[in-house]
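**Student:** sequence below, structure please.
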Amino acid sequence: MIAFDWISDPAIWASLVTLTAMEIVLGIDNIVFISVIVGKLPPEQAKRARQIGLTMALVFRVLLLFSLFWLIGLTASVFELFGQGFSWRDIVLIAGGAFLLYKATTEIHRDVEGGGHAEAATGPKVYASFGMIVSQIAVIDMVFSVDSILTAIGMADHVGVMIAAVVIAIAIMYLASGPVASFIERHPTTRMLALAFLMMIGVALIADGIGFHIPRGYLYAAMAFSAIVELLNVVAGKNRRKQQQ
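**Tutor:** Presented below is the predicted three-dimensional model:
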């Protein structure tokens, strides 16, 4: 009976709800990246890539939670540059931010130049592209997992609560990733907006890595405002097309 005393503890339930909400908010970055990147695959492979990507995100987060002492060590400074100390966490964030900037920039360039989704051709190339995309999702999953779990440490006293919050958040992310990916695929301007979001997130990760923290609330508020404006543009475009018919 003692092992289940936590069930009647309101503080634990409150921490579970708070931590789950935070994990969902921090998972927005992950959803945007996965939704954009799987658009280069055929629908059946895109769904499988989302499943693999979010499964890896769950596995990474749970493994990190079981390695809390090692993870806390990632915040210790390993070297200094121009008087600024850098930890392994900082290095991971800078590398992940640089990867996001590179990926978003190349995708924007390809779209602007008219490259489209050439990588998603049929035949053997599809499987090569599938492997490449899953590996890219794995890289960014690791970056976001480190950032997410380090942020979560201290918000709950029980590892089980943290794991439950992560599982719930990943499940909600999976349910949301399909509709988000489909919407981005149907509306090219929304894809460009999502890529711009990824560039902004990349800059924020690099800034965090060099010791300049940009409050995520500002970023998500800007993303929400831009998304609402884009949604209104999509609805207005549909109405114009109906009136012209």
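**Student:** for the spatially most central residue of the chain, pull up the helix or strand it's in.
**Tutor:** The chain has Asn30 as the residue nearest its centroid, 1.2 Å off, counting by C-alpha atoms, centre = their mean. Assigned by DSSP states H and E, Asn30 belongs to helix 10-37.
**Student:** quick check: buried residues in that helix?
**Tutor:** Residues of helix 10-37 classed as buried by neighbour count (16 or more other C-beta atoms under 10 Å): 12, 15-16, 19-20, 22-24, 26-37. All C-beta atoms are positioned from the backbone trio N, CA, C, and that covers glycine.
**Student:** beyond the strand or helix carrying Ala204, next helix or strand please.
**Tutor:** Using DSSP H and E, Ala204 sits within helix 188-209. Reading on from helix 188-209 to the C-terminus, the next helix or strand found by DSSP H and E is helix 216-244.
**Student:** tell me how many other residues surround Glu230.
**Tutor:** Glu230 has 17 neighbours, counted by other C-beta atoms under 10 Å.
**Student:** just the pLDDT for it.
**Tutor:** Here the pLDDT value assigned to Glu230 is 83.
**Student:** my guess is it meets Leu193, correct?
**Tutor:** Yes. Using C-beta atoms under 8 Å, Glu230 makes contact with Leu193 at a distance of 5.4 Å.
**Student:** following the lowest-mean-pLDDT helix or strand in the chain, which helix or strand shows up next?
**Tutor:** Ranking every helix and strand in the chain by mean pLDDT, DSSP states H and E puts helix 68-73 at the bottom, with a mean of 66. Sequence order places strand 77-81 as the next helix or strand after helix 68-73, per DSSP H and E.
**Student:** by contact count, what packs against that next one?
**Tutor:** Under the contact criterion of 3 or more C-beta pairs under 8 Å, 6 or more residues apart in numbering; DSSP states H and E, strand 77-81 touches strand 84-87.
**Student:** mind listing what's buried in the strand it packs on?
**Tutor:** Neighbour counts over strand 84-87 (16+ other C-beta under 10 Å) mark 86-87 as buried.
**Student:** same deal with stretch 54-70?
**Tutor:** By 16+ other C-beta under 10 Å, the buried positions in stretch 54-70 come out as 54, 56-58, 60-62, 64-65.
**Student:** need those in JSON lines with secondary structure, pLDDT and distance to Ala204, can you?
**Tutor:** JSON lines is the format used below for these (DSSP: H, G, I helix; E, B strand; the rest coil; pLDDT from 0 to 100; distance: C-beta to C-beta, whole Å):
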{"residue": "Leu54", "secondary structure": "helix", "pLDDT": "84", "distance to Ala204": "22"}
{"residue": "Met56", "secondary structure": "helix", "pLDDT": "86", "distance to Ala204": "22"}
{"residue": "Ala57", "secondary structure": "helix", "pLDDT": "84", "distance to Ala204": "19"}
{"residue": "Leu58", "secondary structure": "helix", "pLDDT": "85", "distance to Ala204": "23"}
{"residue": "Phe60", "secondary structure": "helix", "pLDDT": "85", "distance to Ala204": "20"}
{"residue": "Arg61", "secondary structure": "helix", "pLDDT": "83", "distance to Ala204": "20"}
{"residue": "Val62", "secondary structure": "helix", "pLDDT": "83", "distance to Ala204": "25"}
{"residue": "Leu64", "secondary structure": "helix", "pLDDT": "80", "distance to Ala204": "20"}
{"residue": "Leu65", "secondary structure": "helix", "pLDDT": "77", "distance to Ala204": "24"}
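**Student:** looking at those residues, which one is closest to Gly237?
**Tutor:** Nearest to Gly237 among the buried residues of stretch 54-70, counting by C-beta to C-beta, is Leu54 at 30.8 Å.
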